[in-house]
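Q: Quick one, what's the 3D model for this:
(chains A, B and C, ligands or ions: 2)
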Amino acid sequence: MATALGDEGTARGARRGDALGRWINHHPLAALSLAVIVIFCLWLILAPWPQGFEDWFGRKRLFINALFNGITLGGLYFLVAAGFTLIFGLMRNVNLAHGSLYLFGGYMGYEAGVWTGSWLLSFVVAFLCCAIVGAAMQILIFRRMEGQDLRQTLVTLGLSIVFADLMVWVWGGNAIQIDTPDYLTGPVPTPIVVALKPSGDAIFLQYPRVRLVIFAAAVLIGIGMWLALHRTRIGMMIRAGVDDRDMLSVLGYRVQLLFVLVFAFGAGLAGMAGIVGGTFQSISLGEDSHFLLASLVVVIVGGMGSIPGAALGALIIGLSEQFGLVYFQNYATVATFVIMVVVLALRPQGLLGRR
Amino acid sequence: MALSDTGTARRPIGLEGDAFSRWLSQHSPTLLLGLLLVLLPAAATDFVLDQIVGWTLVLGMIALSLMFLAGYGGMVSLVQMTVAGLAGYSITVLGASSLPSISLFWPWWVAAPLAILIAVAFGTLAGALSARTEGIYTIMITLALASAFFYLTLQNWSIFNGFNGFTSVPAPIFLGVNWKSPVPLYYLILFCAGLSYVAVLYVSRAPFGIALQGARDNPRRMEAIGFNVMAHRIAAYAFAAVIAAVGGILLVWLNNQISPGTAGIQATIDLLVIAVVGGLGHPIGAFIGAFIYVILRTFALDALVAVGLDGRRFQTIIGLGFLVIVLFSPDGVIGIWRRWLARAASSRRGIGR
Amino acid sequence: MSSVAERIAAAGAGNAIELRGVSRLFGALAALNDITLTVRPGERRAVLGSNGAGKTTLLNCVTGDFPPTKGTVRFFGEDVTTLPPHERTRRGLRRTYQISLLFQRLSVRDNVYLACRGASRGRFSLIRTRSSDAIMQSVADLIVLVHLEQVADRLVGELAHGQQRQLEIALALAGAPRFILFDEPAAGLSPNERGDLVAILTALPPHIGYIIIEHDMDVALRVVESVTMMHNGRIFKEGAPREIEADPEVQQLYLGGGHG
Ligand SMILES: Nc1ncnc2c1ncn2[C@@H]1O[C@H](COP(=O)(O)OP(=O)(O)OP(=O)(O)O)[C@@H](O)[C@H]1O
Ligand SMILES: [Mg+2]
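A: Ligands and ions are numbered 1, 2, ... in the order given. Coordinates of the predicted model:
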């Protein structure tokens, strides 16, 4: 879509008369600068960089790596934040134990991987374990304090403290790395030029296969969730509940079942993300708060209760973190922070959130 | 958000003209406690003064700023520890530390007010951002801001000296007193804590405080009777930030160091635990919560080992205790105490008849 | 062009409330549909209509609780369409709510005090109000006016429903109102209290106008000099109480519709 806009939009917009065209017609300057930016970004990614530009901006390899790492990290953040935003949207429960579920899933997946030797199976185990914990939380605790959002949130806080300590007890404080299965190890060649050899031959980017596969899986899960929310009965009920709390009472007793399902699903997703995180980086003490924070920021930026918002937010935050790490190390989190503050100031409900 | 019940609400607005003795009897427990604290250095060791009572008072002050926002304003702001931390870092950077490459070594009477100003500006800004959204969003936004600050201090070496932070941040010498030594430092802390306690209590019955409680109960009606609710909330954040900032400076002087952990995510959450466990219904709750926390932190390890448990499970104890309070006495220890008093009073009445 | 606008503005200055082409949408539902309405200073007007006619929404647009989707609202000649509610209140507009919106965890006295404070200066004051201050006298007077002196120091959350409705009225009378909007003030009151309400309304100084939404005809038609009938977000009839009562269309739509 963005390319179309850059290439032809300005000229044809008026004749087409569609929304995009109208927008371009009304904001010709914005459209032009957007087109320039898009073309510039494409050039940044695809073309080899001239020497002078590299001297000023840094090596292209760094840039491309930050870009790919940012996007794939965004995929991971999406997996964690999607459950968080659904639980929040439907139940107004800010689940501060969400990071603990992520960590727990990572550890359980690791154990399952060690036992069964199957990386794929560990996802099932992590999902189930976390889903059971999530469902238990909803059934045993939160059902009893419906409507008291603050109290629910405080309970999740208490749980996160206890969970964190118990996990340190069981797994200790050392970082655990989950092995990538053989069929996913190694790099994939991509058609992106990162540099030119002195001979003039292009060096192409090699990127870890596992990260690409997982990113694809995250995208698939995202699309699957979107379809489930928009095309199935249960998804419609969830969306209705997110948009209008009063709708929930119409559902009667089934609303409890819905809550448990959503909580379990969101928790399970966080658990699976734990394995992804353990494969990408590692899982250890403190990662629970890191990913809780990531979920918070993703959801604040993207819009509370919105799945596309979570995807957009995750992408933005993943990219800003990775680029921050490369280009202004001392202030890497400031970029994330500034994005959040700007969004809050201009659009308190988040980029794709509704009021 | 019915987590607290501000008991002060029942008191009529102006009765201060009444007899001094009335006032005295009403406040006798507070005055007694105050007297005890003033006399404490005569009896207590330096360890008790600084590590127990000093810590309690400083943490209590910072928790008090959270209590003010949450109890009176219904805004559970997790950014108060960050405000304190920023004040602490500011005075370290502007004032003295063991790192001459970063610290500016300005005199304390420049550094301290500037540090408070910076921290209050930050606290107010955080308030302005989160006050635009309602209720539960406040927790999310302030927690995110607090974590962002934590990671910033962790990653930034040019100002915050990263993971290491700063050591040797002594309290200054002025008026001929070395405020670094335990007893003067204790009195300085006691004075600031006492002052902020009285200030919060007083303001809670002043127009500003009552209006804040009104905005907590019903922001829409507040607008309809002529109050600018946003402005009131932001002003409350500023007021609370002053208390937290002073607490943060005292915290650094007491600890003689500051590092990312001082205002880390753990510390942020501990502060909320302190305020909630103590009770959000009355300013004293902040100090009660801080006292329980400090006692647990100091002695739980030994106590746990003594009864044959793993001393390292301190956090589990904290978490479980917090859960018990939230589940069974949402108004904290104060709530338990109030109910106990009420029951005692009613049973006494029963016997009397 | 501008002279027309000026003339309209000048004409509007004579009115306490003037709505022009006001619409309010909730999603696809037009709760108000192109409403034009003027009320003179000191005029007392009833707004009648069946459930969901848009009466409460009309008040919300006047006070700014929900700004209109379209149209302009003028208050004593001034365009207040985009002003926040508290600014309108400071200009002398007051209202009550159909479903009580009170400060549940504050005492009755504090509730009334806040209403008086909101209409005056010193809203941010950090200095406590002394019991000898003039404002405390007006607070006490208002409490007596609505017969709540017995429970003045009780928490509002502990009051009976009828008492809360009384307090609701007291909050709207605080300060020096120029115009008051009452949203079904008699709902939930006992017959006795209704009598008191009628007495309070008729005893208001003549320069204070009001709009009252009321299903109870005994109350509504006794305390107003003009009536506006609403249906489905539109005004379909305006007139004196007698004309309205006699109008067959009105009787069929509203008076005969089971409301009493
Ligand atoms: N906040 C809101 N969100 C969505 N719809 C609303 C809202 N407020 C009112 N409505 C709708 O607008 C229409 C008009 O409502 P309004 O409350 O103004 O009616 P009313 O005349 O006051 O009725 P009643 O006699 O029941 O008080 C109704 O259909 C109502 O459902
Ligand atoms: Mg109504």
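
Q: ok, and the closest non-adjacent residue to A:Gly99?
A: A:Leu292 (3.2 Å; Cβ to Cβ, 6 or more residues apart in numbering or on different chains). Yep, even glycine has a C-beta here, placed from its N, CA and C like the rest.

Q: residues touching the one you found, list them.
A: If you count contacts by Cβ atoms under 8 Å, 6 or more residues apart in numbering or on different chains, A:Leu292 has them with A:Leu96, A:His98, A:Gly99, A:Ser100, A:Tyr102, A:Ser160.

Q: what does A:His98 give?
A: By Cβ under 8 Å, 6+ apart, the contact set of A:His98 is A:Val80, A:Gly83, A:Phe84, A:Ile87, A:Thr156, A:Gly266, A:Ala267, A:Ala270, A:Phe291, A:Leu292, A:Ser295.

Q: Do I have it right that A:Pro187 meets A:Arg209?
A: Yes - with contact defined as Cβ atoms under 8 Å, A:Pro187 counts as touching A:Arg209 (6.6 Å).

Q: still on that earlier bit, the residue nearest to A:Gly99 falls within a strand, correct?
A: No - under DSSP: H, G, I helix; E, B strand; the rest coil, A:Leu292 sits outside any strand and is assigned helix.

Q: That one and B:Pro219, how far apart?
A: Applying Cβ to Cβ, to the nearest Å, the value for A:Leu292 to B:Pro219 is 28 Å.

Q: again, but for C:Lys55
A: C:Lys55 is 23 Å from B:Pro219, by Cβ to Cβ.

Q: Name the residue in these two with the higher neighbour count.
A: More neighbours surround C:Lys55 than the other of C:Lys55 and B:Pro219, with 25 against 19 (other Cβ atoms under 10 Å in any protein chain shown).

Q: Could you pull up the residues touching the more buried one?
A: Neighbouring residues of C:Lys55 by Cβ under 8 Å, 6+ apart: C:Val47, C:Leu48, C:Gly49, C:Asp183, C:Ile213, C:Met230.

Q: In terms of distance to chain A, which of the residues you listed ranks first?
A: Nearest to chain A, judged by Cβ to the nearest Cβ, of the contacts of C:Lys55 is C:Asp183 at 20.8 Å.

Q: Spit out the contact partners of the nearest residue to the closest one once chain neighbours are set aside.
A: Nearest residue to C:Asp183, sequence neighbours excluded (Cβ to Cβ, 6+ apart): C:Gln98, at 4.2 Å. Applying Cβ under 8 Å, 6+ apart to C:Gln98 gives the contacts C:Thr56, C:Asp183, C:Glu184, C:Ala187, C:Ile213.

Q: Grab the nearest non-local neighbour of B:Leu86.
A: According to Cβ to Cβ, 6+ apart, the nearest residue to B:Leu86 is B:Ala119 (4.6 Å).

Q: what sits against that neighbour?
A: Residues counted as contacts of B:Ala119 (Cβ under 8 Å, 6+ apart) are B:Val83, B:Ala84, B:Leu86, B:Ala87, B:Ser90, B:Ala241, B:Ala244, B:Ala245, B:Gly248.

Q: Could you report the pLDDT at it?
A: If you check B:Ala119, the pLDDT there is 96.

Q: just how off-centre is the helix or strand harbouring it within its chain?
A: Applying DSSP states H and E as the criterion places B:Ala119 in helix B:108-131. Its chain's C-alpha centre and that of helix B:108-131 lie 16 Å apart, by Cα atoms, centre = their mean, to the nearest Å.

Q: Now do the SS call for the closest residue to ligand 1 within the stretch 101-250 of chain B.
A: In the stretch 101-250 of chain B, the residue found nearest to ligand 1 is B:Arg220; the distance is 11.5 Å by Cβ to the nearest ligand atom. What three-state DSSP gives for B:Arg220 is helix.

Q: excluding its backbone neighbours, what's nearest it?
A: In this structure, B:Arg220 finds its nearest non-sequential neighbour in C:Leu101, 6.0 Å apart by Cβ to Cβ, 6+ apart.

Q: I'd guessed that neighbour sits against B:Met222; true?
A: No - between C:Leu101 and B:Met222 there is no contact under Cβ under 8 Å: 9.5 Å.

Q: and ligand 1, which of the contacts of C:Lys55 reach it?
A: Restricting the contacts of C:Lys55 to those near ligand 1 by Cβ under 6 Å from any ligand atom leaves C:Gly49.

Q: out of the contacts of C:Lys55, which one sits closest to C:Glu245?
A: C:Leu48 (10.4 Å; Cβ to Cβ).

Q: tally of neighbours for the closest one?
A: By other Cβ under 10 Å, the residues close to C:Leu48 number 27.

Q: Spell out which helix or strand contains C:Pro41, please.
A: C:Pro41 belongs to no helix or strand, assigned by DSSP H and E.

Q: wait, what's in contact with it?
A: C:Gly14, C:Asn15, C:Ala16, C:Phe76, C:Arg178, C:Phe179, C:His207, C:Gly209 are the contacts of C:Pro41 under Cβ under 8 Å, 6+ apart.

Q: From C:Glu18, how far off is the fourth one?
A: This points to C:Phe76. C:Phe76 is 9 Å from C:Glu18, by Cβ to Cβ.

Q: More neighbours: which of those two?
A: More crowded of C:Phe76 and C:Glu18, by other Cβ under 10 Å: C:Glu18, with 26 against 18.

Q: Now the helix or strand encompassing that one - C-alpha only, CSV.
A: Using DSSP H and E, C:Glu18 sits in strand C:17-26. Output in CSV follows, covering the C-alpha atoms of strand C:17-26 (Å, rounded to 0.1, in the frame of the first residue of the first chain):
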residue,chain,number,x,y,z
ILE,C,17,-30.1,29.7,26.7
GLU,C,18,-30.1,29.5,23.0
LEU,C,19,-29.6,26.3,21.0
ARG,C,20,-29.2,26.5,17.2
GLY,C,21,-29.3,23.4,15.1
VAL,C,22,-28.0,21.2,17.9
SER,C,23,-27.6,17.5,17.1
ARG,C,24,-26.1,14.7,19.1
LEU,C,25,-25.3,11.3,17.7
PHE,C,26,-24.5,8.2,19.7
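
Q: neighbouring contacts of it?
A: C:12, C:30-39, C:54, C:57-58, C:60-62, C:66, C:68-75, C:77, C:179, C:211, C:233.

Q: next structured bit after that strand?
A: Using DSSP H and E, the first helix or strand after strand C:17-26 is strand C:29-39.

Q: Go through that following strand and flag the buried ones.
A: C:Ala30, C:Ala31, C:Leu32, C:Asn33, C:Ile35, C:Leu37, C:Thr38, C:Val39 (16 or more other Cβ atoms under 10 Å in any protein chain shown).

Q: How about the contacts made by the fourth one?
A: Yep, that's C:Asn33 we're talking about. Going by Cβ under 8 Å, 6+ apart, C:Asn33 touches C:Ser23, C:Gly54, C:Asn232, C:Gly233, C:Arg234.

Q: Please, a ChimeraX command that selects the buried ones among the residues you listed?
A: To isolate the buried members of the contacts of C:Asn33 in ChimeraX, using 16+ other Cβ under 10 Å:
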select /C:23,54,233
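
Q: Now pLDDT and secondary structure too, for the contacts of C:Asn33, in TSV please.
A: Listed next are those as TSV, based on pLDDT from 0 to 100; DSSP: H, G, I helix; E, B strand; the rest coil:
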residue	pLDDT	secondary structure
C:Ser23	93	strand
C:Gly54	92	coil
C:Asn232	89	coil
C:Gly233	90	coil
C:Arg234	91	strand
